[in-house]
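Enquirer: After the sequence you'll find the predicted model.
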Amino acid sequence: MSWFAWLMLINYLLLSFALYRLFPKCGVNAVKGLIPGLNFVEWAKVVGRKPWHALWMLVPIVNVFIYAGLAVDMVRSFGKNSFWDSFLAVIGAPFYFLYLASKPEETYRGPVLIEERAYIAKIKEAEKANNERLVKKLTRENPYKKSPGREWAEAVIFAVFAAALIRLFLIEAYVIPTSSMEGSLMVGDFLFVSKAHYGIRTPETVVMVPLLHNRIPILNTESYLEKPSLEPKRLPAIEEIKHNSPVVFNLPAGDSVYIFPDRTFSAADYRYGMVRSYNPNYARAIELGKKKLVTRPVDKRDHYIKRAIGLPGDTLQIIDRQVYLNGKPAKNPKHIQFLYIVTFPSGNINTRNFAEWGISDEDLNPQIRTPENVRFIFLNEEQKAKIQAMDPNIKIEHYEFSTDPASGYNPDRLFPNDGTHYGPWTVDNYGPIWIPKKGVTIPINKQNISLYRRIIDVYEDNDLEFANGQILINGEPATEYTFKMDYYWMMGDNR
């Protein structure tokens, strides 16, 4: 078992023992505190809840709030009504219960929820009878009354705690950061994403700043601690991922990153020259050690949204920009975009309507130096037609990705980053590549290991190395490998 499972087990055993000690003060047989399930039923009755209320403890996520409520109501049933009493009950119920059980002067006052409702009923009766003196007396002596400050504090704590749990397990809000899904999802769009449909993933990170993903604004530091941590698990899915389904995921290659003000680069981006192409000063900062490598657990890697183009077991290939799955053309998204060279008849380029047409600043590729009247633009067919309608003399051509080394082509930049065995590949002509499927065994050798090395070594937690011309997995010679997980091929609509 993991350390967290042991912690939960120890906490439950301590809680059961604490209830065993405390129940006699409440008029309940002590042995009932030791019987799983029955102890929560009796606990609910002691604080004034219906017995069936204990069934909520079987519902994940909801049970966290039920447990906290029962703990608070238990100490309130002993007259402990302060904010700090409630706080201590939530974070250390077994120990507080044992304290109450050990002190003869601490007595059970009755089921607090029933007592509180009865007290409020008295106030309402006095108000109905226009007995202002009694109303003032009951209000002044109300043991359940909370100050405005405490009500605000409890409301804020509950809201943050509830929002954090919902965000962690059920639904999370995202803002589209890039134009890779443009046509379907625009830069800056807000969307709520269900974490349950494809299977809730339990968190790996335990200590974190609530409601932040991986960075603290202004401080520009990570918002979590890597230790202690849990082993993430995937719970059963409501539905399976289908071809072309848009999916939000944590970028696998985002486990080791360099973070700059305008964007984040993976270690692979630096290794294959993409950082230098983007900004030579960034590459220089890395080389001089001024920019440190940041490692991130699975649940704190950057979020990406793409389409699931290839599913486990599919063979994917791109021929002249068309994706093929298992030898057949795949269905293209309605607003698929490709990179075009747009040559205007003069240097005066009218971009006034571009935003209205869905052509963002990101679509205008500023990283490619061109004459004043030429632009590299990602466009769909509708956008092409609108630009052409501006002037029939505008020339719009597909950008052809050259494989000539003289043009700067580097076959190692594209996955599997192995130009010796897999090239010359470009984003327009790529593959074929087989997408791993759980339980399938394939032969591995020096020719194909670059396709699956990171999967075997990093994602499936093996020790892969080469020695004396052999592939070693966990120290043993290997000529085949059986995959432990399913994998998916993700692509944006902007290609």
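Expert: On my side now, so go ahead.
Enquirer: Show me the contact partners of the lengthiest strand in the chain.
Expert: Identified as the longest strand of the chain according to DSSP state E is strand 303-310. For strand 303-310, the external contacting residues (CB atoms under 8 Å, 6 or more residues apart in numbering) are 174, 176, 180-181, 185, 213, 241-251, 316, 323, 325, 330, 333, 435, 488-493. From N, CA and C alone the C-beta is placed, and that goes for glycine too.
Enquirer: which non-adjacent residue is nearest Lys233?
Expert: With CB to CB, 6 or more residues apart in numbering as the criterion, Lys233 has its nearest non-adjacent residue at 4.7 Å, and that residue is Thr202.
Enquirer: The contacts of strand 303-310 in strands, which ones?
Expert: Short answer: the contacts of strand 303-310 in strands (DSSP E) are 174, 245-250, 316, 323, 325, 489-491.
Enquirer: Of those, which count as buried by neighbour count?
Expert: Among the ones in strands among the contacts of strand 303-310, the ones that count as buried by 16 or more other CB atoms under 10 Å are Ser245, Pro246, Asn250, Leu316, Val323, Leu325, Trp489, Met490, Met491.
Enquirer: can you name the two of those residues that are farthest apart?
Expert: With CB to CB as the measure, no two of those lie farther apart than Asn250 and Leu325, at 24.4 Å.
Enquirer: Can I get the longest strand of the chain as PDB, trimmed to CA atoms?
Expert: The C-alpha coordinates for strand 303-310 follow below in PDB (Å, rounded to 0.1, in the frame of the first residue of the first chain):
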ATOM      1  CA  HIS A 303      -2.500  21.700 -20.200                       C
ATOM      2  CA  TYR A 304      -2.900  21.200 -23.900                       C
ATOM      3  CA  ILE A 305      -6.100  20.800 -25.900                       C
ATOM      4  CA  LYS A 306      -6.000  18.800 -29.200                       C
ATOM      5  CA  ARG A 307      -8.000  16.200 -31.100                       C
ATOM      6  CA  ALA A 308      -7.500  12.500 -30.500                       C
ATOM      7  CA  ILE A 309      -6.600  11.700 -34.100                       C
ATOM      8  CA  GLY A 310      -5.100   8.300 -33.500                       C
END
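Enquirer: Now render the buried ones among the ones in strands among the contacts of strand 303-310 as a markdown table, adding pLDDT.
Expert: Shown next, in a markdown table, are those (pLDDT from 0 to 100):
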| residue | pLDDT |
| --- | --- |
| Ser245 | 93 |
| Pro246 | 92 |
| Asn250 | 92 |
| Leu316 | 98 |
| Val323 | 97 |
| Leu325 | 97 |
| Trp489 | 97 |
| Met490 | 95 |
| Met491 | 94 |
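Enquirer: Distance to Ala163 for the residues you listed - can I get that in CSV?
Expert: CSV is the format used below for those (distance: CB to CB, whole Å):
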residue, distance to Ala163
Ser245, 27
Pro246, 24
Asn250, 20
Leu316, 39
Val323, 39
Leu325, 40
Trp489, 34
Met490, 28
Met491, 32
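Enquirer: So Phe338 lies in a helix, does it not?
Expert: No: Phe338 is assigned strand when assessed by DSSP: H, G, I helix; E, B strand; the rest coil, not a helix.
Enquirer: That one bridge partners, please.
Expert: Legend: beta-bridge partners of Phe338 under DSSP bridges are Leu379.
Enquirer: Next up, the contacts around it.
Expert: Counting by CB under 8 Å, 6+ apart, Phe338 makes contact with Arg321, Phe378, Leu379, His398, Tyr399, Arg495.
Enquirer: Tell me the confidence at it?
Expert: At Phe338, the pLDDT value in this model is 91.
Enquirer: likewise Arg49?
Expert: Listed pLDDT for Arg49 reads 95.
Enquirer: Give me the phi and psi angles of the closest residue to it other than its chain neighbours.
Expert: What sits nearest to Arg49 in space, not counting adjacent residues and going by CB to CB, 6+ apart, is Leu113, at 6.6 Å. Backbone geometry at Leu113, expressed as degrees, to the nearest 10, gives phi -70, psi -40.
Enquirer: Surely Leu113 is in contact with Val47?
Expert: Yes: under the criterion of CB atoms under 8 Å, Leu113 makes contact with Val47 at 5.9 Å.
Enquirer: quick one: which of the two has more around it?
Expert: The neighbour comparison of Leu113 against Val47 (other CB atoms under 10 Å) goes to Val47, with 23 against 16.
Enquirer: Hmm, Ala71 and the more buried one touching each other?
Expert: No: using CB under 8 Å, Val47 is not in contact with Ala71, being 9.4 Å away.
Enquirer: hey, where'd the strands end up in the stretch 251-400 of the chain?
Expert: Using DSSP state E, counting those that start in this stretch, the strands of the stretch 251-400 of the chain run over residues 256-259, 264-266, 294-295, 303-310, 315-319, 322-325, 328-329, 338-343, 374-379, 395-398.
Enquirer: For the residue nearest the centre of the chain, give me its contacts.
Expert: By CA atoms, centre = their mean, the chain has its centre lying nearest to Asp299, at 5.3 Å. Contact analysis of Asp299 by CB under 8 Å, 6+ apart lists Arg201, Pro203, Glu204, Thr205, Pro232, Asn250.
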